[in-house]
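S.K.: Have a look; sequence and predicted model below, questions after that.
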Amino acid sequence: MVCALDTLDRMASPYPADIHRYIGKHKTELPSPSLCLSLPTIKENARIFHENVKAAGVDFRAHVKSNKTLDVTRILLGSACTKVIASTLREIRGLQPLIAEGIITDVLYGLPIGPSMLPEMDILSKTVTTRLLVDHIDHISLLSKYERCPENKSQPWSVFIKLDMGTKRAGLPPKSAALKELVRVAEDAPNVDIYGFYSYSAKAATSRTIQDAEAVLQEHIDEVLRVTRLLRDQTRPLTLSVGSSPTARVIRPIREKCASNITMEIHAGTLIYNDLQQLSTGTVGSSGLAMTVITEICSIYPDRNEALINAGVLALTREPGHLSGIARVRDSNRPGWIVDRVSQEHGILAYVGDGQRKVAVEHEWKIGDKIELDLQHTCIVGAMYGWQFVIDQEGVVRDIYYPWKWW
């Protein structure tokens, strides 16, 4: 007898039953909108970064929120990294095969901890080292009152204290009284162990050259090192987790700034794909852009010199960036076209060019033309798609990845 729920699940499945028929097809033959990942570019981005990490002599913590897949996480980790940070419990569940294989040995939950997350993190601690983020004294109270499972009763919660380096998103400012109080309360809590300080290089997004990114990273490191003076024991082992994708590319000078008891750790994830926001920092070239969206022209409007595409907010998001456009057309024969504005499923293609030539939309495009878009922020765009087409150097689909969805 067929279960009604099973039938409903099949009817409601978001995954096309014949999706694998696109393997072996060129990206221009894909339905639109479709998300594509260039596997050669992903591997090259990882190779360059891993060489920099090795040369710098620092640890690396891979942020998996950007890719949300086992396959790309393996590439991002490489052969030497075993530490990750995840933004959702769903991502952590998805990492279980890598934890079981021993490839991942250290998992950080990437938001200041809430009560509903603790049971799952406690259970996870039976099989892998877990870390939590805290940025309020009530977090310490929460951890102190929580009754851990029998296997973990003797183990303190390992925490990073989250610093706010200017994003005003999470964390405490380095010079705040609240940070001093949190450090004292955490030091006095018997079931909490301060593993280190965690911070994000917010100012890196405004970098426009490698030198800018290096200056941001150095300033960031200096500030975090000053924070360590708040600890009573200045000789205790301590991990400082710093960075962002732009600063992760310029990590060579870090090691010389650290005392022997300090482990410097760089965290990043977007660098495996890159995007227009990363391109604008001057730390990566256009050859490093690994994620694109295939869409198509649905209508043309000569009177306003614009075209309509079937990729809007839900396909491209509405992320701003230093480079103009929600997204940009990748076509060397037709440069200067951007996605100027979007609504839910509509995107408006407009010509910004270089001011040197006049371009008429009806001469550039026709209805049904497939176009490839470079994206402002791959972390968010990637999370919008239920499947991702993996392409080779020639643009031919070789695999399909299914990212971890929801929370």
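M.R.: That came through fine. Numbering: from 1, shown residues only.
S.K.: Please count neighbours and contacts with C-alpha atoms only from this point.
M.R.: Will do.
S.K.: Can you tell me the SS state at residue 371?
M.R.: strand (DSSP: H, G, I helix; E, B strand; the rest coil).
S.K.: Surely it touches residue 294?
M.R.: Yes - here residue 371 reaches residue 294: they are 5.8 Å apart, a contact under C-alpha atoms under 8 Å.
S.K.: Common neighbours of those two, please.
M.R.: Taking C-alpha atoms under 8 Å, 6 or more residues apart in numbering as the criterion, residue 371 and residue 294 both touch residue 28.
S.K.: name the helices or strands packed onto the lengthiest strand in the chain?
M.R.: Using DSSP state E to define each element, the chain has its longest strand at strand 291-301. In terms of contacts (3 or more C-alpha pairs under 8 Å, 6 or more residues apart in numbering; DSSP states H and E), strand 291-301 is packed against strand 34-38, strand 306-309, helix 361-364, strand 370-375.
S.K.: Packing partners of the third one?
M.R.: Other helices and strands packing on helix 361-364, by 3+ C-alpha pairs under 8 Å, 6+ apart, are strand 291-301.
S.K.: Provide the strand pairings for the strand it packs on, with the direction of each partner.
M.R.: With DSSP bridges as the test, strand 291-301 is paired with strand 34-38 (antiparallel), strand 306-309 (antiparallel), strand 370-375 (antiparallel).
S.K.: With distance to residue 244, mean neighbour count and mean pLDDT added, can I get the helices and strands packed on strand 291-301 in CSV?
M.R.: Output for the helices and strands packed on strand 291-301, formatted as CSV (distance: least, C-alpha to C-alpha, whole Å; neighbours: other C-alpha atoms under 10 Å; pLDDT from 0 to 100):
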stretch, distance to residue 244, mean neighbour count, mean pLDDT
strand 34-38, 21, 24, 98
strand 306-309, 32, 23, 98
helix 361-364, 38, 14, 96
strand 370-375, 18, 24, 98
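S.K.: Looking at those, spot the one closest to residue 135.
M.R.: Proximity to residue 135, assessed across the helices and strands packed on strand 291-301 by C-alpha to C-alpha, is greatest for strand 370-375 (32.4 Å).
S.K.: Give me the next element, helix or strand, following that closest one.
M.R.: helix 378-383 (DSSP states H and E).
S.K.: how about the helices and strands packed on strand 291-301 in JSON lines, adding distance to residue 169?
M.R.: Listed next are the helices and strands packed on strand 291-301 as JSON lines, based on distance: least, C-alpha to C-alpha, whole Å:
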{"stretch": "strand 34-38", "distance to residue 169": "29"}
{"stretch": "strand 306-309", "distance to residue 169": "34"}
{"stretch": "helix 361-364", "distance to residue 169": "41"}
{"stretch": "strand 370-375", "distance to residue 169": "23"}
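S.K.: of the ones you listed, which approaches residue 330 most closely?
M.R.: strand 370-375 (5.5 Å).
S.K.: I would like the residues contacting the closest one, please.
M.R.: By C-alpha under 8 Å, 6+ apart, strand 370-375 touches 28, 275-276, 289, 291-297, 316, 326-331, 381.
S.K.: And those, which of them are buried?
M.R.: The neighbour count (16 or more other C-alpha atoms under 10 Å) marks 28, 275-276, 289, 291-297, 316, 326-330, 381 as buried among the contacts of strand 370-375.
S.K.: Can you show me the strands along the stretch 51-200 of the chain?
M.R.: 59-63, 83-86, 106-112, 129-134, 157-162, 192-198 (DSSP state E, counting those that start in this stretch).
S.K.: now the ones you listed as TSV including mean neighbour count and mean pLDDT?
M.R.: Below are the strands of the stretch 51-200 of the chain laid out as TSV (neighbours: other C-alpha atoms under 10 Å; pLDDT from 0 to 100):
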stretch	mean neighbour count	mean pLDDT
strand 59-63	23	95
strand 83-86	23	98
strand 106-112	20	97
strand 129-134	23	98
strand 157-162	23	98
strand 192-198	21	97
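S.K.: With adjacent residues omitted, what lies nearest to residue 223?
M.R.: Spatial nearest neighbour of residue 223, chain neighbours left out: residue 174 (7.3 Å); criterion: C-alpha to C-alpha, 6 or more residues apart in numbering.
S.K.: count of neighbours near that neighbour?
M.R.: Using other C-alpha atoms under 10 Å, residue 174 is surrounded by 21 other residues.
S.K.: what's near enough to touch the residue nearest the centre of the chain?
M.R.: Residue closest to the average C-alpha location in the chain (C-alpha atoms, centre = their mean): residue 66, at 2.9 Å. Applying C-alpha under 8 Å, 6+ apart to residue 66 gives the contacts 269, 270, 378, 379, 380, 382, 383.
S.K.: Strands along the stretch 301-407 of the chain, start to end?
M.R.: 306-309, 327-329, 337-342, 347-351, 370-375, 388-391, 397-401.
S.K.: and the first one, how far from the chain's centre?
M.R.: Okay, so that is strand 306-309. When C-alpha coordinates are averaged (C-alpha atoms, centre = their mean, to the nearest Å), strand 306-309 and its chain have centres 30 Å apart.
S.K.: Residues contacting it, please?
M.R.: By C-alpha under 8 Å, 6+ apart, the residues outside strand 306-309 that reach it are 295-301, 346-351, 361.
S.K.: If any of these are buried, give me the PyMOL selection for them.
M.R.: One line in PyMOL is enough to select the buried ones among the contacts of strand 306-309; burial here means 16+ other C-alpha under 10 Å:
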select buried, resi 295+296+297+298+299+300+346+347+348+349+350+351+361
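S.K.: Using JSON lines, lay out the contacts of strand 306-309 together with distance to residue 200.
M.R.: As requested, the contacts of strand 306-309 are exported to JSON lines (distance: C-alpha to C-alpha, whole Å):
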{"residue": "295", "distance to residue 200": "34"}
{"residue": "296", "distance to residue 200": "37"}
{"residue": "297", "distance to residue 200": "39"}
{"residue": "298", "distance to residue 200": "41"}
{"residue": "299", "distance to residue 200": "42"}
{"residue": "300", "distance to residue 200": "43"}
{"residue": "301", "distance to residue 200": "44"}
{"residue": "346", "distance to residue 200": "34"}
{"residue": "347", "distance to residue 200": "32"}
{"residue": "348", "distance to residue 200": "34"}
{"residue": "349", "distance to residue 200": "34"}
{"residue": "350", "distance to residue 200": "35"}
{"residue": "351", "distance to residue 200": "35"}
{"residue": "361", "distance to residue 200": "42"}
